[in-house]
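> With the input below, show me the fold.
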Amino acid sequence: MPAGQEGADHVRQVPAALARRAIVERIRPQIDGGRFPIKRTIGEAVEVNAGIFADGHDVIVAVLRDRTRPATAHTEDPAPADTSSAGVTTGSASVEDARGRVANAVSSVRAVVDQHGWRETPMALAAPGTDEYKGTFVVDHPGWHEYSVVAWVDPFQTWRRDLRVKAAAGQDVSVELLEGSALVRAAAARATGLDARWLLSQAETLCALSPIAARIDVGTAGKLSALMLDHADRSQATTSGVLRVWVDRERARFASWYEMFPRSAGPDPTRSATFREACRRLSAIADMGFDVLYLPPIHPIGRSFRKGPNNSLSAKPGDPGSPWAIGSEAGGHTSVEPGLGSLDDFESFRAEAERLDLEIALDLAWQCSPDHPWVREHPEWFRRRPDGTIKYAENPPKKYQDIYPLDLACEDWRELWTALLDVTLFWIARGVRIFRVDNPHTKSFGFWEWLIDQVHGRDPSVIFLAEAFTRPSLMRYLAKAGFTQSYTYFTWRNTKPELEAYFTELTTTEMREYFRPNLFANTPDILHPYLQEGGRPAFEARLVLAATLGATYGIYSGFELCENTAVPGTEEYLDSEKYQIRVRDWSHPGHIAELVTRVNQIRRAHRALQSNGSLRFHPTDNPQILAYSKTSSDGRDAVFVAVNLDPRAMQHGHVQIPAELSASQVGDPQSDYAVHDLLTDTRYIWRGDWNYVRFDPGVCQAHILTFVHG
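Sure thing, here's the model as predicted:
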């Protein structure tokens, strides 16, 4: 080998990416290094921050790219998604690829789109003297969206900055003008048409014999700078890895849910109501201002080991059993319980709900009664005990002998997964676009990621709510894996410190990017002691909290009647509707239906309450008074809420409204200004930061206040 040849070979092996000087790191938001997408709804903004810097003192230019992700072939194979990281990288593809994907660079004042659908907008320093850049884009289509960051050291912008400094100092810049001319001429070679001709004319002017001052003006002009950005040399640009956004329709972000058992919506407590009879209840629910009507499972209920009232082990003739014990001789997950009617009756019920602007949400419960057809046809889909019997569901010490869980890890898991997808698609074909999923944390995470992706590949408008009251890590992972919304710990957060800490976590940490809370004030399984013991004022307080802390909330039927009788020593309803039919008197004295209606009207009228990101808690001088505010994204709508957390006693004290909040709404907060209580249509005159409030249980449990302009 000739002397020096070994060293030459080593030089040729240096990766070209190492020559790229711009460093792009710490891109936010991203979830687990890009493994999972962030979430938005149509019309929402994504603010992207990144650390961007380079060696030396040259000017860095950075752009934020985003696009609706091109459609890809949809795989039918039920295999878990790749778990490798899709995180950010420093480096880029080849020069040709980089030029092809970002052929039209962004200018300092406008966004452009290249031939691959990438839209580019400029990123700016978040604060002078930092290396933190930020940029924003808005998503406008449901489905997958993606984004990345491109940055490069820009010789022309560096030259332009230095030219200004040197000229202002009175230095001779004649040579610098020649350097600038060469840079502009190179850009002209990259441009075409009118842009190329105009850039050539500017290059000639920079090196002409005209006065220096005039040439400096040409070199520092904004038009030249913008066009040079449009035709910048990106051959050494650093391009981050591609990150993803899943975009849902608006209902994923903002909705009011109401849960009802249609079998209880008839006149006779000794039999199931039909869907046709249950239609009579729909107008009252719609009039209260709800958007989503959630139905527990509507499928045939098994008879084997059917549970009686209060989950008793012996059912009497006529006991309806639990709707979650799915399957009988009448069919399985694609059939309707005969007591409710037929599939056509369900579709008529759904059509009537939609006429009243109510969207139906159905329960997906992947379990079977011992009488389900699958138990006969596919016994391999269930777990067997050593004695050969199928293992029933348990949550020790509770036993659910009427339910056989499906084994999603069985040997024939592919066939089972596909069957469950077919069930989901069956109901989607019948107009259902929202599913509340029962106990998803007891099924494979990979299954949910696959199932939701399969459904969204066909219809991105479908919403999945995870009913998972379990450990935080499991709840977070389900949200990352694709669930649109999630149940929360709201029911068990009742004191001021608990509420502030929990909702601060939900709205200010990384969770805000992927975890959408759905705040149910009660469920058929959960009647918290706060409601059991606090009477009507407790229901009023929890209603206002759920509906204003969260953009999406729900109540279970009977909440508006303040039903609060539990099995002693438990959080379970006595005479639970899960096991028996409950025909209610909706005009029962003491109901709060009017308050529910008013709260839902306020939510619809105020955009500040239709998202969660702006939630801020504010000081009070009484630990029983919780105060917080929300503001719309444009700052025009602000709502201030104060709630008495004590359902038994009068509480009063002072709440602090930050000066910047009141000033943004009324001008000078040190002068008298009016606030309007939307619950009672009452006005109060306030002044300054601290103002007095008083709450008397049975009279006033909360204020929902807006600022009176002018």
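
> just for the stretch 51-200 of the chain, where's the confidence low?
70-77, 79-115 (pLDDT under 70).

> For it, just list every one of the strands.
All strands of the stretch 51-200 of the chain, identified by DSSP state E, counting those that start in this stretch, fall at 60-68, 112-113, 119-122, 124-125, 132-138, 143-153.

> Equivalent analysis for the stretch 451-600 of the chain, please.
Along the stretch 451-600 of the chain, counting by DSSP E, counting those that start in this stretch, strands occupy 463-467, 485-486, 519-520, 552-556.

> tell me the contacts of the closest residue to residue 197 other than its chain neighbours?
Spatial nearest neighbour of residue 197, chain neighbours left out: residue 188 (7.9 Å); criterion: Cβ to Cβ, 6 or more residues apart in numbering. Any C-beta I mention is one placed from the backbone N, CA and C, and that applies to glycine too. Each residue near residue 188 by Cβ atoms under 8 Å, 6 or more residues apart in numbering is listed here: 195, 196, 197, 199, 200, 203, 231.

> Can you tell me which of those end up in helices?
Members of these lying in helices (criterion: DSSP state H): 195, 196, 197, 199, 200, 203.

> By neighbour count, which of those residues wins?
Of all the ones in helices among the contacts of residue 188, residue 199 has the most neighbours under the rule other Cβ atoms under 10 Å, reaching 24 neighbours.

> In terms of pLDDT, where does the residue nearest the centre of the chain sit?
Among the residues of the chain, the one closest to the centroid is residue 516, at 4.3 Å (Cα atoms, centre = their mean). Looking at residue 516, its pLDDT is 98.

> which residues sit in contact with it?
Residue 516 is in contact with 39, 252, 253, 479, 484, 485, 486, 552, 612, counting by Cβ under 8 Å, 6+ apart.

> and if you look at residue 465?
With Cβ under 8 Å, 6+ apart, residue 465 has these contacts: 361, 434, 435, 436, 437, 483, 484, 485, 486, 487, 518.

> That one bridge partners, please.
residue 436, residue 485 (DSSP bridges).

> longest single helix anywhere in this protein?
Per DSSP H, the chain has its longest helix at helix 529-549.

> Dump that helix to CSV, restricted to CA.
Only the C-alpha atoms of helix 529-549 are listed here, as CSV (Å, rounded to 0.1, in the frame of the first residue of the first chain):
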residue,chain,number,x,y,z
PRO,A,529,-68.8,9.1,49.6
TYR,A,530,-68.7,12.9,48.8
LEU,A,531,-72.0,12.4,46.9
GLN,A,532,-73.4,9.9,49.3
GLU,A,533,-73.0,12.2,52.3
GLY,A,534,-73.2,15.7,50.8
GLY,A,535,-76.7,15.8,49.4
ARG,A,536,-77.8,18.2,46.7
PRO,A,537,-75.0,20.8,47.3
ALA,A,538,-72.4,18.0,46.6
PHE,A,539,-74.0,17.2,43.3
GLU,A,540,-74.1,20.9,42.4
ALA,A,541,-70.5,21.3,43.2
ARG,A,542,-69.3,18.2,41.4
LEU,A,543,-71.4,19.1,38.3
VAL,A,544,-69.8,22.5,38.0
LEU,A,545,-66.3,21.2,38.6
ALA,A,546,-66.7,18.4,36.0
ALA,A,547,-68.2,20.7,33.4
THR,A,548,-65.7,23.6,33.8
LEU,A,549,-62.5,21.9,34.7
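
> relative to strand 552-556, how tilted is it?
150 degrees (axes from the mean of the first three to the mean of the last three Cα atoms, to 10 degrees).

> Would you pull up how far helix 529-549 lies from the middle of the chain?
Relative to its chain's centre, helix 529-549 lies at 25 Å (Cα atoms, centre = their mean, to the nearest Å).

> Could I get the buried residue list for it?
Of all the residues in helix 529-549, those buried under the rule 16 or more other Cβ atoms under 10 Å are 530-532, 534-549.
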